[in-house]
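Q: Structure, please.
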Amino acid sequence: MAWLMNESDWLTLLGEMWSSFDNVGDNYDAMHESPFGNRLHDQCPIVQMMTYAELAVYKELPQTFKIYRGCHGDNKDGFSWSLERQVAKTFPLMEKYQMEGQPLLITAMVKKEKVAAVKLDRGEVEIITYCPKHLHTLRIKQHLAI
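A: Numbers count the residues shown, from 1 in each chain. Model (predicted):
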């Protein structure tokens with residue numbers, strides 16, 4: 001149905017549904033061929049993807065800031081990052097995000113102009129961006145249930 005929608009409506013719907021999509025990276029190529037992919041590289045922020053509250057948070061962001069991504073080696077280049085280190089650290093340990101390999105916590109810097117959107121509906125400040133400047137990667141210790 002996406003091909004029947006105009007770009008603005010498609011981006012608004014993507015913003016409304018973003019947090020219900022897990023493993024967006026599985027559709028990485030399709031995302032880059034969509035209006036999102038075109039706008040991600042050329043016209044950030046994507047205002048249509050944000051609510052008024054999210055846009056207000058975006059406007060308050062500094063020009064450059066630190067972001068975090070909890071992941072595994074296979075999905076470290078994802079779109080979803082967090083402003084909160086502790087929140088990001090929990091993601092690769094959640095059952096629905098677990099996969100083979102070492103859980104990682106990536107710290108990066110991003111310029112505000114490279115942020116596509118801010119999302120607030122997972123109880124965190126999620127930053128949607130692509131290819132921030134990598135600072136470092138830490139291994140997350142897994143706590144095994146006894």
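
Q: For the rest of this, base every contact and every neighbour count on C-alpha atoms.
A: Noted.

Q: Please name every helix or strand in contact with the lengthiest helix in the chain.
A: The residue-count maximum for a helix in the chain (DSSP state H) belongs to helix 7-17. Applying 3 or more Cα pairs under 8 Å, 6 or more residues apart in numbering; DSSP states H and E, one finds that helix 7-17 contacts helix 35-42.

Q: The helix or strand following the helix it packs on packs against which elements?
A: Next in sequence after helix 35-42, counting helices and strands by DSSP states H and E, comes helix 52-60. In terms of contacts (3+ Cα pairs under 8 Å, 6+ apart), helix 52-60 is packed against strand 115-119.

Q: Can you tell me the strand partners of the strand it packs on and which way each runs?
A: Pairing partners of strand 115-119, with direction, according to DSSP bridges: strand 126-129 (antiparallel).

Q: and the longest helix of the chain with helix 35-42, angle?
A: Helix 7-17 runs at 100 degrees relative to helix 35-42, counting by axes from the mean of the first three to the mean of the last three Cα atoms, to 10 degrees.

Q: tell me the contacts of residue 57?
A: The neighbourhood of residue 57, defined by Cα atoms under 8 Å, 6 or more residues apart in numbering, consists of residue 118.

Q: Return the distance of it relative to residue 68.
A: When Cα to Cα, to the nearest Å is applied, the distance between residue 57 and residue 68 equals 17 Å.

Q: Just give the nearest non-adjacent residue to the spatially most central residue of the chain, would you?
A: Nearest to the centroid of the C-alpha atoms of the chain, with distances taken as Cα atoms, centre = their mean, sits residue 80, at 1.3 Å. Excluding the flanking residues, the one nearest residue 80 by Cα to Cα, 6 or more residues apart in numbering is residue 128, at 4.9 Å.

Q: okay, now that neighbour: neighbour count?
A: 20 (other Cα atoms under 10 Å).

Q: just for this structure, where's the confidence low?
A: Across the chain, the stretches falling below the confidence threshold (pLDDT under 70) are 1-3, 23, 25-28, 96, 99, 143-146.

Q: again, only this time at 90
A: Across the chain, the stretches falling below the confidence threshold (pLDDT under 90) are 1-8, 10-11, 13-14, 18-43, 71-79, 90-102, 121-124, 130-131, 137-146.
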